[in-house]
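1. My questions concern the predicted model and sequence given below.
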Amino acid sequence: MSVAVASFAIFAASQVGTPGPANMALLSTGARYGFRQALPFVAGVISGKQLVIWPVGFGLMRLSESAPWIFETLKWVSALYIIWLAWRVANMRLNTGGDAKAPGFLAGLVVHPLNPKAWAMITAGFTAFTAPGTPIFQATVTIAAILLVSQIVLHPLWTYGGERIARVVAGTAAEKYLMWTLAALTVASVAFVLFGGGR
């Protein structure tokens, strides 16, 4: 009666490390503001996933059985929010003046609670990698810790990657196309989670 730690760690790394709404937001923030200025946002994104893990672990999934419409509604509200963020990204330009202020910790904190990929990933952790009868606290702590480590390693890499890209294209004709591409990838990642059955 436990969590399949090794298997879930591989799954978590594959999910945290691949494109999705959160990673696109991190990439875009790193590109727009630079790695150092984006760090509070990164910390918020990392912390925000815990706001999903613990309620799910302690019984929020039971609510989905008695009132599935609540989760269906939240899923679409979340998707619309991420698409709105993508629209903002599409219209941003890189390093346009020193007065621009990077989004902070609180802005990052809401990314995962409004990210359908995060909900699917966490739900999979409890349903596919946890043996029946495992104590709730043990399962939740294990899943929370594995995801936290994966995020601490991988989320900054996406943010730093955005900064490196920005150094090449900022102020060039390619800048506009980069931002629209990032926005399109964000929307595509949401669509894949909603319609493609991805986790």
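-> Thanks, I have it.
2. Tell me the pLDDT of the residue nearest the centre of the chain.
-> Among the residues of the chain, the one closest to the centroid is Ala22, at 2.8 Å (Cα atoms, centre = their mean). The model reports Ala22 with a pLDDT of 87.
3. The helix or strand harbouring it: what's the following helix or strand?
-> Using DSSP states H and E, Ala22 sits in helix 21-33. Using DSSP H and E, the helix or strand that directly follows helix 21-33 along the chain is helix 35-48.
4. Which other helices and strands does the lengthiest helix in the chain contact?
-> The longest helix of the chain (DSSP state H) is helix 136-169. Judged by 3 or more Cβ pairs under 8 Å, 6 or more residues apart in numbering; DSSP states H and E, the packing partners of helix 136-169 are helix 5-17, helix 21-33, helix 35-48, helix 50-55, helix 116-128, helix 174-195. C-beta coordinates here come from the backbone N, C-alpha and C atoms, glycine included.
5. ok, and the helix or strand in this structure with the lowest average confidence?
-> Least confident element among the helices and strands of the chain, by mean pLDDT, DSSP states H and E: helix 61-66 (a mean of 60).
6. And Gly197, what's its pLDDT?
-> Looking at Gly197, its pLDDT is 49.
7. picking that back up, surely the residue nearest to the centre of the chain touches Ala118?
-> Yes: with contact defined as Cβ atoms under 8 Å, Ala22 reaches Ala118; the gap is 6.8 Å.
8. Could you name every residue contacting both of the two?
-> Shared contacts of Ala22 and Ala118 (Cβ atoms under 8 Å, 6 or more residues apart in numbering): His112.
9. Okay, Met101 and Gly34: tell me how far apart.
-> Not Met; residue 101 is Lys. Lys101 is 12 Å from Gly34, where distance means Cβ to Cβ, to the nearest Å.
10. Between those two, which has more neighbouring residues?
-> Neighbour totals were compared for Lys101 and Gly34, and Gly34 leads with 19 against 8 (other Cβ atoms under 10 Å).
11. Now do that one against Ala191, distance only.
-> Counting by Cβ to Cβ, the gap from Gly34 to Ala191 is 29 Å.
12. again, but for Ala120
-> Computed as Cβ to Cβ, the Ala120 to Ala191 distance reads 13 Å.
13. Counting neighbours, go ahead and name the busier of these two.
-> Using other Cβ under 10 Å as the criterion, Ala120 and Ala191 rank with Ala120 on top: 18 against 13.
14. didn't Ala166 look like it was pressed against Thr29?
-> No: assessed by Cβ under 8 Å, Ala166 is found out of contact with Thr29, at 10.4 Å.
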